[in-house]
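Student: I need the structure of the sequence given here:
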Amino acid sequence: MKAIKQFYDNLASSYDGMTSFDERFKKEEKYFKSIIEKYKISSALDAGAGTGFHSLLLASLGIDVTAVDISPKMLKQARKHAREMHLKIKTVQSDFLSIHKLIECKFDAIFCLGNSLPHIPPKSLHNTFKIFFQMLHPGGIIVFQILNYNRILHEGERIQNVRNSKEFTSIRYYDFYKKTFRFNILTIHHPANKASSHIFNSIIHYPIYQEKLMDIASKSGFIKQQSYGGIDLLGYRANSSRDIVLIAEKP
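Tutor: Purely as a prediction, here's the structure:
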């Protein structure tokens, strides 16, 4: 867990630019509004909240949000955004396996987005699902979003994203091993009138495939599972969808 915390602490200052924080609100708002209305959500836990994009989006739609992340520097950015946007969110620093020890209330929905799950070793994955399950109200939902590793392996696609801004270029790419991937982020800073510099961050990912995701959800007690190819909730295609979004319900 220390490696994950350090990885995201190192990224906190440049994470918004890497993930197009400002540009995504209008694009994704309608999809989250649709989920909120369909499942009658009024409270939500954002697990792996990062700098708070999805927490703030949910809060802007009237949801009572608790943002959880392992990185204190990420949460500091989330609180800064909340102040600037005049939105209210609660923040809790925690890993996924300890959330239930720090938060006693239950939620209508838990969102675990941004490919957070692959940080969890397989031996701890089922426990994570069970913890999420117990933190939901009956009838509550879990919304998982991970990269579609079926597509990544099918295409042999090492480079996942290249993002350019005025001050830096970030390149996200994988090294493939037998059972794990190494997730790398190379950030090249090129501020005006200054020499360029770079920062390299790297961490192990444990790829989760669609079939495994649904199987663990089922064994953890979730029902009515549905897989999609993205947060737009269009159909999932194993060899072409960029993401896997799984929505499942607690009975």
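
Student: Can you list the residue ranges for helices in this protein?
Tutor: Remark: helices assigned in the chain by DSSP state H are 2-11, 15-18, 24-39, 53-60, 72-85, 99-102, 122-134, 149-155, 210-219.

Student: Least confident of these, on average?
Tutor: Among those, helix 15-18 carries the lowest mean pLDDT, a mean of 78.

Student: Just the residues contacting it, thanks.
Tutor: Helix 15-18 is contacted from outside by 8, 11, 21-22, 50-51, 74, 77, 163, 165, 167-168, 170, 172, 185, 187, using C-beta atoms under 8 Å, 6 or more residues apart in numbering. (Glycine included, C-beta is placed from N, CA and C.)

Student: now that helix: how far from the chain's centre is it?
Tutor: Helix 15-18 has its C-alpha centroid displaced from the chain centroid by 14 Å (C-alpha atoms, centre = their mean, to the nearest Å).

Student: likewise stretch 79-91?
Tutor: Remark: stretch 79-91 is offset 18 Å from the chain centroid, using C-alpha atoms, centre = their mean.

Student: ok, and for that stretch, which residues are buried?
Tutor: Across stretch 79-91, burial judged by 16 or more other C-beta atoms under 10 Å covers 81-82, 87, 89-91.

Student: So what touches it?
Tutor: 21, 49, 51-52, 55-56, 59-60, 65-69, 75, 78.

Student: what about 7 Å?
Tutor: With contacts defined as C-beta atoms under 7 Å, 6 or more residues apart in numbering, stretch 79-91 is touched by 51-52, 55-56, 59-60, 65-67, 75, 78.

Student: which one of those sits closest to Ile110?
Tutor: Nearest to Ile110 out of these is Thr66 (C-beta to C-beta; 9.7 Å).

Student: how many neighbours does the closest one have?
Tutor: By other C-beta atoms under 10 Å, 22 other residues sit near Thr66.

Student: quick one: contacts for it?
Tutor: Neighbouring residues of Thr66 by C-beta under 7 Å, 6+ apart: 45, 90, 92, 103.

Student: how near is the second one to Lys27?
Tutor: Going from Lys90 to Lys27 by C-beta to C-beta, to the nearest Å gives 26 Å.

Student: Kindly report the same for the third one.
Tutor: When C-beta to C-beta is applied, the distance between Val92 and Lys27 equals 27 Å.

Student: The first one too?
Tutor: As for Leu45, its distance to Lys27 is 23 Å (criterion: C-beta to C-beta).

Student: if we can go back for a sec, need the max-distance pair from the contacts of stretch 79-91.
Tutor: Of all pairs drawn from these, the greatest distance, 18.3 Å, lies between Ser60 and Leu75 (C-beta to C-beta).

Student: more crowded one of those two?
Tutor: The neighbour comparison of Ser60 against Leu75 (other C-beta under 10 Å) goes to Leu75, with 25 against 16.

Student: domain assignment for this structure?
Tutor: Structurally, the chain divides into domains by automatic domain parsing as follows: 2-147+208-249, 152-205.

Student: Just name the most buried of the ones you listed.
Tutor: Among the domains of the chain, the stretch with the highest mean neighbour count (mean count of other C-beta atoms under 10 Å) is domain 2-147+208-249, at a mean of 18.
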